[in-house]
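Enquirer: this is a predicted model, with the sequence first.
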Amino acid sequence: MTIITAKTRKTDGKLVRVHSNGREEELSAPPIREMTDADVEETARSDSDNPPRSASQLAKMRRVPRVKTLRRALHLTQEEFADRYHIPLGTLRDWEQGRSEPDQPARAYLKVISRDPKAVARALRSAAE
């Protein structure tokens, strides 16, 4: 197996291979093997550590908003999100970096924020007045 370190260059969005000496080489095509839907399905089913879930298993799972995804969808920095929704910045960072998970009340609060972020922000502002 060959491992290629690659990145998308910020200046022009081009995919480049990064050599050990730091030199960048533009790649003409992504170094990814194309897979058919059948290949993807077969590979997923063969992963004994993480088998695909059935439709009934997926239906039973609780949907909790992922904090980083929610924050990015609102176009807020960690500092802005923490300040706007009165969440300690360190706690937010711990959630986003997987060092800890929101407890049940925090998950409920995040769910409310995800449903109507403007109303939550308004309510918090009026409560502070």
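Expert: Everything's here; your move. Numbering: from 1, shown residues only.
Enquirer: from now on I want contacts and neighbour counts done on CA atoms only, so please keep to that.
Expert: Fine.
Enquirer: verify the contact between Ser114 and Thr69 for me.
Expert: No. Using Cα atoms under 8 Å, Ser114 makes no contact with Thr69, being 10.0 Å away.
Enquirer: neighbour count for those two, which is higher?
Expert: The neighbour comparison of Ser114 against Thr69 (other Cα atoms under 10 Å) goes to Ser114, with 19 against 11.
Enquirer: helix, strand, or coil at that one?
Expert: helix (DSSP: H, G, I helix; E, B strand; the rest coil).
Enquirer: the nearest residue to it once chain neighbours are set aside and Gln104, how far apart?
Expert: Nearest residue to Ser114, sequence neighbours excluded (Cα to Cα, 6 or more residues apart in numbering): Leu70, at 6.6 Å. To Gln104, Leu70 is 17 Å away according to Cα to Cα, to the nearest Å.
Enquirer: looking at these two, which is more packed in?
Expert: Just comparing Leu70 and Gln104: by other Cα under 10 Å the higher neighbour count belongs to Leu70, 17 against 9.
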